[in-house]
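# Return a 3D structure for these sequence lines:
(one chain, ligands or ions: 2)
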Amino acid sequence: MRTVSVQLGNRSYAIKIAPGLLNQLGRECARLKLGARCAIITDTNVGKRYAKAAFNSLATAGFSPSLIVVPAGETAKSLKTVQICYDLLAEHRLERKSFIVALGGGVVGDLAGFVAATYLRGIEFVQVPTTLLAQVDSSVGGKVGVNLKAGKNLVGAFYQPRLVLCDLDTLGTLPVREFRAGLGEVIKYGIISDAKLFARLERDLPKLLRRESKTLADVVARCCEIKAEVVGQDEMEGGLRAILNFGHTIGHALENVSGYGKYLHGEAISIGQVAAAGLSQKISGLPARDVLRIENLLQAAGLPVEVKLNPARRKKLFAAMRHDKKVSGGEIKFVLATQIGRVQFGCQIPAALIEPALNLQLSTIN
Ligand SMILES: NC(=O)c1ccc[n+]([C@@H]2O[C@H](COP(=O)([O-])OP(=O)(O)OC[C@H]3O[C@@H](n4cnc5c(N)ncnc54)[C@H](O)[C@@H]3O)[C@@H](O)[C@H]2O)c1
Ligand SMILES: [Zn+2]
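Numbers count the residues shown, from 1 in each chain. Ligands and ions are numbered 1, 2, ... in the order given. Take a look at the predicted model:
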């Protein structure tokens, strides 16, 4: 088993990574001396496969679990579902010492984490991420929340879990498109902070696509290490944490203008990263061969690297970029690479420069 620790003083916690960890859930929670009563929050897809194992593991270790199953998909990340969860927690008499297990992808993790952060002013929670994206990204770092009609993740909190258990076996049932989308974030870690990881991904991509256990374990652990390091230095996103948003300004805008649902998040940020690499070549000196390596790796992972937009859509995309929640004072701030493995954040780029620099990736159709 690999263990990565997130260092946040008395809120520090471990991320454990190995096959078969779901069966250890109860034992791991017992080790943390969590209260007897708990609720597993999961979605319909994950629940039918893994809820029983989680439930039995907790029960065998002496806990009294209850199960809350929400619909699968982004729409469950809503205040309406939060309300339903609160009512069920109260019905099952969860109290201050009780805890929540988030069993599922990023949707369940963000939702269940937000419920944990706010029910009774906060009860403990454990993340059991079951998508690649959730294992390398959303379950680590304590950002929890839900969507509003006005936009994604507009209500939330920073609230750290007590433990993250990444059972690599659960990735075996993940649909291939979801797995590839997760690779979009994996590749991002190489670009923002680890040239060696990037080179390994180029080399071992076929093994990774076959979901080979050892490669998967190494890669998931390395991504978690990078995220843990960044979050340990900048929990509340005052500065450095922004580097995790490489490719995201354009990616989020693309998700927004294409209507949520057309692109998976990992697909949108794949296009966003290629565009950000192009921008980096023009502005921060990213060598042309690195731009090409980034594009090639994302493409080899089965991810989209360009998008065709008609002029109206294109205009909307730029408007959406300016409305991104991370925009401050009207300036669009970008994370730009100087070489693979190294980025700068908070780069203010005048809008007039962005559009021409993006021309390659966002080719115009009439
Ligand atoms: N908190 C953060 O820091 C952070 C970071 C990145 C993304 N996010 C959020 O994460 C969400 C996306 O997460 P996601 O990509 O994991 O999507 P998801 O949770 O919707 O999961 C994708 C799909 O796979 C299914 N699934 C999950 N695990 C499975 C398994 N092991 N086998 C079979 N099917 C499985 C789900 O039911 C769902 O249909 C978004 O809401 C995004 O905003 C949060
Ligand atoms: Zn992302």
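
# Residue 126: which element?
Element membership of residue 126 [criterion: DSSP states H and E] is strand 124-129.

# does ligand 1 sit close to the helix or strand just after that strand?
Downstream of strand 124-129, the first helix or strand assigned by DSSP H and E is helix 132-133. Yes: judged by CB under 6 Å from any ligand atom, helix 132-133 comes into contact with ligand 1 at residue 133. Placement of C-beta: from N, CA and C, glycine included.

# what's the answer for stretch 201-216, then?
No: using CB under 6 Å from any ligand atom, stretch 201-216 stays clear of ligand 1, with a minimum separation of 11.2 Å.

# near ligand 1, which residues of the stretch 1-150 of the chain show up?
Within the stretch 1-150 of the chain, the positions adjacent to ligand 1 are 43, 45-46, 49, 72-74, 77, 104-108, 110, 130-131, 133-134, 137-138, 141, 143 by CB under 6 Å from any ligand atom.

# Tell me the buried residues within the residues you listed.
Neighbour-count burial (16 or more other CB atoms under 10 Å) applied to these gives 43, 45-46, 72, 74, 77, 104-108, 110, 130-131, 133-134, 137-138, 141, 143.

# would you list every one of the strands in this structure?
Secondary structure of the chain (DSSP state E): strands at 2-6, 13-18, 37-43, 64-70, 99-104, 124-129, 143-148, 151-158, 163-167, 333-339, 342-348.

# for these, which one ends up most surrounded?
strand 99-104 (a mean of 30; mean count of other CB atoms under 10 Å).

# For residue 7, the count of nearby residues, please.
Residues contacting residue 7 under the criterion other CB atoms under 10 Å number 12.

# Surely it and residue 232 touch.
Yes: using CB atoms under 8 Å, residue 7 is in contact with residue 232, at 4.3 Å.

# Would you format the strands of the chain as CSV with mean pLDDT included?
Shown next, in CSV, are these (pLDDT from 0 to 100):
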stretch, mean pLDDT
strand 2-6, 98
strand 13-18, 98
strand 37-43, 98
strand 64-70, 98
strand 99-104, 98
strand 124-129, 98
strand 143-148, 96
strand 151-158, 93
strand 163-167, 98
strand 333-339, 95
strand 342-348, 92
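
# Adding distance to residue 207, write those out as TSV.
Below are those laid out as TSV (distance: least, CB to CB, whole Å):
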stretch	distance to residue 207
strand 2-6	17
strand 13-18	17
strand 37-43	29
strand 64-70	34
strand 99-104	26
strand 124-129	21
strand 143-148	30
strand 151-158	33
strand 163-167	18
strand 333-339	26
strand 342-348	26
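
# Quick one: closest of the ones you listed to residue 301.
For those, the distance to residue 301 is smallest for strand 333-339, at 17.9 Å, taking CB to CB.

# Give me the sheet partners of the closest one and which way each runs.
Applying DSSP bridges to the sheet, strand 333-339 is found paired with strand 342-348 (antiparallel).

# What lies in contact with the strand it pairs with?
191-193, 195, 239-240, 242-243, 245-246, 283-284, 331-338 (CB atoms under 8 Å, 6 or more residues apart in numbering).

# Burial check on residue 168, number of neighbours?
Other residues close to residue 168 by other CB under 10 Å number 20.

# wait, I meant residue 315
12.

# And the pLDDT for it?
Listed pLDDT for residue 315 reads 84.

# can you give me how far stretch 298-311 is from the chain middle?
20 Å (CA atoms, centre = their mean, to the nearest Å).

# does it come close to ligand 1?
No: judged by CB under 6 Å from any ligand atom, stretch 298-311 stays clear of ligand 1, getting no closer than 13.4 Å.

# Okay, now that stretch: how far is its last residue from its first?
26 Å (CA to CA, to the nearest Å).

# before we move on, what about stretch 298-310?
Separation of the first and last residues of stretch 298-310 by CA to CA is 24 Å.

# Any buried residues in that stretch, and which?
Quick answer for stretch 298-310 (16+ other CB under 10 Å): 298, 301, 302, 303, 304, 305, 307, 309.

# With stretch 76-89 instead?
Burial within stretch 76-89, assessed by neighbour count using 16+ other CB under 10 Å, is assigned to 76, 77, 78, 81, 82, 85, 88, 89.

# just stretch 176-195 next, same as before
Applying 16+ other CB under 10 Å to stretch 176-195 flags 179-194 as buried.

# Please apply the same query to stretch 245-264.
245-258, 263-264.

# Just give me the closest of the residues you listed to residue 314.
Proximity to residue 314 was ranked across the buried residues of stretch 245-264 by CB to CB; first place goes to residue 257, at 8.7 Å.

# now residue 333, which residues is it bridged with?
Note on residue 333: beta-bridge partners by DSSP bridges are residue 348.

# what's near enough to touch residue 132?
Residue 132 touches 171, 174, 178, 179, 181, 182, 183, 185, 186, 220, counting by CB under 8 Å, 6+ apart.

# Could you rerun that using 6 Å?
Residues in contact with residue 132 (CB atoms under 6 Å, 6 or more residues apart in numbering) are 171, 179, 182.

# what pLDDT does the residue nearest to it when sequence neighbours are not counted get?
Spatial nearest neighbour of residue 132, chain neighbours left out: residue 182 (2.7 Å); criterion: CB to CB, 6 or more residues apart in numbering. Per-residue confidence (pLDDT) for residue 182: 98.

# got it, and residue 361?
57.

# now residue 325
62.

# count of neighbours near residue 61?
Residue 61: 17 surrounding residues under other CB under 10 Å.

# And it, how far from ligand 1?
22 Å (CB to the nearest ligand atom, to the nearest Å).

# No further questions, thank you.
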